[in-house]
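S.K.: No letters, just coordinates:
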């Protein structure tokens, strides 16, 4: 039986010496302000849409459409990747991040063709989010329907 060159403790010491210090606070602040700017932009779009007489129910749909368009466009021209590297979750959590997660694989795999490239890879990142989101909404809807039936 051969001996490993390091004991687990020695290996841990080497790793801790070579690992750069984490900058959690900086990452949190970047995510907070970039995500906040995206949310403020969304709120401004909603308020603007309401002044255009779109109404309280239509204005949020308009806002979501514009933000998805902006996220997809910025992904297409390569800007959203730089925003994501800078802000982390601050750019991934809003709906613009969802647009990025759908558009990025489509752009990356377009050279493989419409079916085996774009079609097969389009939802590699967003697919699990959609599947779990739809399943959770169905489950909540069933629970709501059951509770509503018992209460009324």
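M.R.: That came through, no problem. Remember, predicted model here, so these are calculated numbers, not experimental data.
S.K.: From what I see, residue 106 and residue 120 are in contact.
M.R.: No - if you go by C-beta atoms under 8 Å, residue 106 and residue 120 don't touch, sitting 10.3 Å apart. C-beta here means a position set from N, CA and C on the backbone, and glycine is covered the same way.
S.K.: okay, the two: which has more neighbours?
M.R.: More crowded of residue 106 and residue 120, by other C-beta atoms under 10 Å: residue 106, with 18 against 14.
S.K.: how about the more buried one, secondary structure?
M.R.: Here residue 106 is recorded as helix under DSSP: H, G, I helix; E, B strand; the rest coil.
S.K.: Now do it against residue 85, distance only.
M.R.: Computed as C-beta to C-beta, to the nearest Å, the residue 106 to residue 85 distance reads 20 Å.
S.K.: same thing with residue 19?
M.R.: 20 Å.
S.K.: And for residue 75?
M.R.: 13 Å.
S.K.: Who has more neighbours out of those two?
M.R.: The neighbour comparison of residue 75 against residue 85 (other C-beta under 10 Å) goes to residue 75, with 23 against 9.
S.K.: residues making contact with the worst-scoring helix or strand of the chain on mean pLDDT?
M.R.: Using mean pLDDT, DSSP states H and E, helix 120-121 stands out as the lowest-scoring helix or strand of the chain, at a mean of 72. Contacting residues not belonging to helix 120-121 are listed as 105-106, 108-109, 112 [C-beta atoms under 8 Å, 6 or more residues apart in numbering].
S.K.: Can you lay out the residues you listed as JSON lines showing distance to residue 63 and pLDDT?
M.R.: Formatted as JSON lines, the contacts of helix 120-121 follow (distance: C-beta to C-beta, whole Å; pLDDT from 0 to 100):
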{"residue": "105", "distance to residue 63": "25", "pLDDT": "80"}
{"residue": "106", "distance to residue 63": "23", "pLDDT": "78"}
{"residue": "108", "distance to residue 63": "28", "pLDDT": "75"}
{"residue": "109", "distance to residue 63": "30", "pLDDT": "75"}
{"residue": "112", "distance to residue 63": "34", "pLDDT": "76"}
